[in-house]
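In: here is my input, please return the structure:
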Amino acid sequence: MKKNLPLLIACLILKIAFGQLSLKKGKIIDSLKINDSIPGTFSLYLPKQFDTREKWPLLLVIDLDGKEKQTTSLFLQGVEKEGYVMAAVHIEDSTSLTKNMIKTGKVLERVSQIIPVYENRVYAAGRGSGARYASLTPLFLKVINGVISVGAPISNTDALSLKRPFHFIGIVGKNDYAFTELMSAKKVLDRLRFPNQILVHNENSDWPANPLIQKALQFFTLKAMGDNVLAKDSLFINQVYDGDVQRINTLRSNQNFLLAEQYLGEILSVYRAHKNLDSLREIQKWIRKNKTFKAMRRTENSTFFKESLLKDDYAFYMEEDVRTHNFNNLGWWNYQMTELDKFIQGSKSFEKQMGNRLKRFVNALAEDYIELVQSEKLVDEDALAFLYMLKTLTEPNNFDFYLKLIALSAKNEDFGTALFYLEEALKRDFTDMEQLYSLENTALLRINPKFNALIAKYLKDARYRIKE
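Out: Residues are numbered from 1 along each chain as shown. The predicted structure follows:
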């Protein structure tokens, strides 16, 4: 089948001589069985230009949050444009690391049975918890040559070994709490001489722009060419290089000197084996001597220092408050969120980014504690109640925690607390009456006149009309 066939022909079913398996190009195929001994399935995506006569680089996308389709869609455009095969698998966080690594290895083995895979061009990727798991895979599976980590640092830098180096690419926003952690991890990787790049964006979103995923895959390809794993393609190298130079010039013209200088540092390591970099080094020198850049760097470093102190405070007080069920300190937490909102709504860009990072840090820390408390054989429900209350302060428009708190309070017949948080949710425009009347452990609460009166007040009607 020729590569330049029209799209309609390119999307025809590709018959693969492996049992009765039939796959389509340009479409995600779900529910492929791993093997008879390993439970679970995986999905596979073949780019439209796929041809069985060639070997293909493989990107294995890991999901731990039950959002496999959403996570896979994040990488879809990049693998299509850069000519990568993509497999995706959901890993159970409750399963042991050993069993999960065996499962991951079996998925890679199965994919290599189905399609011709480039042995030295196999990479793992993920977002959040999936990214943290992906960063561990090269330590256990020799076949993994690199990792793309979206919004998460390396799980354990102490476990890194020069005997098993791999190419690490982090993608993170300056508003993401993982930004400072990834930049710290980069220093460790540089010291160990692991090939690595951190791709930074300014978007106030957990999901990065697709071009950064594509850029990470381009960097993997350039590294493979530099290591003579893949034949050098001068047209590809020049095209990608020109795009990177254009990005640097755009950042400079917009006086976004910090991002320009950071990105320059990353691409210098990428093109070392391919290009004469004297012109880029001159640009780097010019930026570093620029007075505006120096002022920006000083302000950002000062903000990082302030952020570090606040993070230490939040980590200390949350541990203490959870351990001692310190409901009296919820007022302090509410004040802290108000102060962070002032940073976020202010006019100073570095403080806005710091405010966003710190809010996300507190939210992530609280959710980690919730998982920890729930994982215990004997759940500490007072600690859980405190954390649910805290989450209504740190993420006031996330109604999940109001509902969980109402259900937990009703279970313990603390109807006063349940009614208070019911009204708080209704004040914030929660309107799902069906969900309110189906909450677990709320049978007695649902027939409470005050419960129904609140629903009638805010939602104009209630299921039960009970006189006190």
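In: what residue ranges in the stretch 1-150 of the chain score low on pLDDT?
Out: Residue ranges of the stretch 1-150 of the chain with pLDDT under 70: 1-22.
In: show me where it has its strands.
Out: Applying DSSP state E, counting those that start in this stretch to the stretch 1-150 of the chain gives strands spanning 13-15, 22-24, 28-33, 41-45, 56-63, 85-90, 117-127, 146-150.
In: quick check: pLDDT value at residue 382.
Out: Looking at residue 382, its pLDDT is 97.
In: next: residue 303.
Out: 97.
In: again with the one 10 residues further on
Out: pLDDT for residue 313: 97.
In: wait, is it part of a helix?
Out: Yes. Counting by DSSP: H, G, I helix; E, B strand; the rest coil, residue 313 falls inside a helix.
In: out of the strands of the stretch 1-150 of the chain, which one sits most buried?
Out: strand 146-150 (a mean of 27; mean count of other CB atoms under 10 Å). Placement of C-beta: from N, CA and C, glycine included.
In: quick one: contacts for residue 344?
Out: Applying CB atoms under 8 Å, 6 or more residues apart in numbering, we find residue 344 in contact with 352, 355-356, 359.
In: look up the closest residue to it, ignoring the ones flanking it.
Out: The shortest distance from residue 344 to any non-neighbouring residue, by CB to CB, 6 or more residues apart in numbering, is to residue 355 (3.9 Å).
In: any chance of a markdown table for the strands of the stretch 1-150 of the chain, columns distance to residue 260?
Out: Supplementary listing: these in a markdown table, determined by distance: least, CB to CB, whole Å:
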| stretch | distance to residue 260 |
| --- | --- |
| strand 13-15 | 43 |
| strand 22-24 | 42 |
| strand 28-33 | 36 |
| strand 41-45 | 34 |
| strand 56-63 | 28 |
| strand 85-90 | 31 |
| strand 117-127 | 26 |
| strand 146-150 | 22 |
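In: tell me how far stretch 383-393 lies from the chain's centre.
Out: Relative to its parent chain, stretch 383-393 has a centroid offset of 24 Å by CA atoms, centre = their mean, to the nearest Å.
In: please save the CA atoms from that stretch in PDB.
Out: Output of stretch 383-393 as PDB, limited to C-alpha atoms (Å, rounded to 0.1, in the frame of the first residue of the first chain):
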ATOM      1  CA  ALA A 383      -9.900  13.400  59.300                       C
ATOM      2  CA  LEU A 384     -12.000  12.700  56.200                       C
ATOM      3  CA  ALA A 385     -14.600  15.300  57.200                       C
ATOM      4  CA  PHE A 386     -11.900  17.900  57.800                       C
ATOM      5  CA  LEU A 387     -10.400  17.300  54.400                       C
ATOM      6  CA  TYR A 388     -13.800  17.500  52.700                       C
ATOM      7  CA  MET A 389     -14.500  20.800  54.400                       C
ATOM      8  CA  LEU A 390     -11.000  22.000  53.400                       C
ATOM      9  CA  LYS A 391     -11.700  21.100  49.800                       C
ATOM     10  CA  THR A 392     -14.900  23.200  49.800                       C
ATOM     11  CA  LEU A 393     -12.600  26.200  50.600                       C
END
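In: which residues touch it?
Out: Contacts of stretch 383-393 (CB under 8 Å, 6+ apart): 318, 321-323, 325-327, 330, 333-334, 337, 363, 366-367, 369-370, 373-374, 398, 401-402, 404-405, 408-409, 417, 421, 424.
In: host element of the nearest residue to residue 258 once chain neighbours are set aside?
Out: Spatial nearest neighbour of residue 258, chain neighbours left out: residue 296 (5.3 Å); criterion: CB to CB, 6+ apart. Element membership for residue 296, per DSSP states H and E: helix 291-324.
In: mind giving me the packing neighbours of that helix?
Out: Here helix 291-324 touches helix 178-192, helix 257-270, helix 330-345, helix 349-375, helix 381-394, going by 3 or more CB pairs under 8 Å, 6 or more residues apart in numbering; DSSP states H and E.
In: tell me the most buried of these?
Out: helix 381-394 (a mean of 21).
In: before we move on, the earlier item: would you turn the helices and strands packed on helix 291-324 into CSV with distance to residue 89?
Out: Shown next, in CSV, are the helices and strands packed on helix 291-324 (distance: least, CB to CB, whole Å):
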stretch, distance to residue 89
helix 178-192, 23
helix 257-270, 29
helix 330-345, 36
helix 349-375, 21
helix 381-394, 30
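In: who's in contact with residue 323?
Out: Each residue near residue 323 by CB under 8 Å, 6+ apart is listed here: residue 383.
In: run the last query once more with 7 Å
Out: By CB atoms under 7 Å, 6 or more residues apart in numbering, residue 323 lies in contact with nothing.
In: same deal with residue 134?
Out: 62, 124-126, 147, 149.
In: and if we set it to 8 Å?
Out: With CB under 8 Å, 6+ apart, residue 134 has these contacts: 60, 62, 124-126, 147-149.
In: relative to residue 124, how far out is it?
Out: Using CB to CB, to the nearest Å, residue 134 is found at 4 Å from residue 124.
In: mind listing the shared neighbours of the two?
Out: Joint contacts of residue 134 and residue 124 (CB under 8 Å, 6+ apart) are 60, 62, 147-148.
In: and of the residues you listed, the nearest to residue 24?
Out: Among these, residue 60 lies closest to residue 24 (CB to CB), at 19.6 Å.
In: closest to residue 69 out of the helices and strands packed on helix 291-324?
Out: Checked against CB to CB, the stretch from the helices and strands packed on helix 291-324 lying closest is helix 349-375, at 21.8 Å.
In: that closest one vs helix 330-345, what angle?
Out: Counting by axes from the mean of the first three to the mean of the last three CA atoms, to 10 degrees, helix 349-375 points 140 degrees away from the direction of helix 330-345.
In: going forward, begin numbering at 27 instead of 1
Out: From this message on, residue numbering opens at 27, which makes the last subject helix 375-401.
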